[in-house]
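K.L.:
Sequence plus the predicted model coming up.
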Amino acid sequence: MTSTNDHELAVWLAEQSGAELLKVREGGLEGKALKDAGDQASQAVLARLLAEHRPQDAVLSEEAADDRARTRARRVWIIDPLDGTREFSEPPRDDWAVHVALWEDGDLVAGAVAQPSLGETFSTATPATVGARAEGPMRIAVSRSRPPEFVNALAERVGAQLVPMGSAGVKVMSVVRDVADVYVHAGGQYEWDSAAPVVVARAAGLHTSRADGAVLEYNRENPWLPDLLVCRPEFAAQVASFVRDEVDL
Ligand SMILES: Nc1ncnc2c1ncn2[C@@H]1O[C@H](COP(=O)(O)O)[C@@H](OP(=O)(O)O)[C@H]1O
Ligand SMILES: [Mg+2]
């Protein structure tokens, strides 16, 4: 790839890694061996290509030692080489993703979320348009393995259906794709789980915040960022006020 802007680079990186992950998945491994092979292969692709194409930039990755010098850097790539590792190891599930985000001077500025099994990449290079929502009750995307404790009470309060699926990126993109209206999470996550999905969702005009409505901050010394709300803007106040009133975050 020749020189390119950060938005296009994010897409290309996520798709290069996605192609590698599809190959790994065809390789006959299972269970933990497949998870580990996927994490390592995708990390290797992203680390190599970032070093080649953006040698000056810092990187925060789920799969690499955290060099805290990044907290003094102007530009930091925040990457999750394989989000939804569990689902990746359960073929033919398609709810896993590659996350590539760029943080610059205080906020997220570019990103891509590839869903290789769907052959789709969502990005800030070509922001998605979120159309009119499908008719019917509110749909809340939640973790299939670790849903927040309060989601059943929230669903009952607002008359919503729960839509369980793997991967934070896939759940955020489900709101972009009008498969869900809201993704709310609490109880644990790191910056790499939400950075790329959040910048892509913002570019599509969606609401993004902490679960209680507070501002999301990235490239902090401690990358623990345990809760998240991404939704159609019209649902943000209702969900965030439920979380503020009813949940100990
Ligand atoms: N309680 C928790 N603590 C730490 N990480 C969590 C978590 N709940 C979810 N996550 C992370 O968020 C991502 C999406 O999870 P889920 O599919 O359950 O919604 C996963 O990333 P990885 O697959 O990259 O590890 C998972 O590890
Ligand atoms: Mg992750």
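P.N.:
Right, received. Where do you want to start? Ligands and ions are numbered 1, 2, ... in the order given.
K.L.:
Partner strands of the helix or strand harbouring Ala101, with direction?
P.N.:
Assigned by DSSP states H and E, Ala101 belongs to strand 97-104. Within its sheet, and counting by DSSP bridges, strand 97-104 is paired with strand 75-83 (antiparallel), strand 107-115 (antiparallel).
K.L.:
For the most centrally placed residue in the chain, which non-adjacent residue is spatially closest?
P.N.:
Centrality entry for the chain: nearest residue to the mean C-alpha point is Gly169, 3.1 Å, by C-alpha atoms, centre = their mean. Leaving aside its chain neighbours, Gly169 sits nearest to Ala97 (3.5 Å; criterion: C-beta to C-beta, 6 or more residues apart in numbering). For the C-beta atoms, the positions are set from N, CA and C on the backbone; glycine is no exception.
K.L.:
mind listing what that neighbour touches?
P.N.:
Asp80, Leu82, Asp83, Gly84, Val113, Ala114, Gln115, Pro116, Ser167, Gly169, Val170, Met173 (C-beta atoms under 8 Å, 6 or more residues apart in numbering).
K.L.:
Could you do Ser123 as well?
P.N.:
His7, Ala10, Val11, Ala14, Gly111, Ala112, Val113, Val200, Ala203.
K.L.:
Equivalent analysis for Arg139, please.
P.N.:
By C-beta under 8 Å, 6+ apart, the neighbours of Arg139 are Ala160, Gln161, Leu162, Val163, Val179, Ala180, Asp181, Val182.
K.L.:
Leaving out chain neighbours, which residue sits closest to it?
P.N.:
According to C-beta to C-beta, 6+ apart, the nearest residue to Arg139 is Ala180 (4.5 Å).
K.L.:
how many other residues sit next to Gly213?
P.N.:
15 (other C-beta atoms under 10 Å).
K.L.:
which helices and strands does the helix or strand hosting the residue nearest to the centre of the chain pack with?
P.N.:
Element membership of Gly169 [criterion: DSSP H and E] is helix 168-176. Packing partners of helix 168-176 (3 or more C-beta pairs under 8 Å, 6 or more residues apart in numbering; DSSP states H and E): strand 75-83, strand 97-104, strand 107-115, strand 139-143, strand 161-165, strand 182-185, helix 191-203, strand 228-231.
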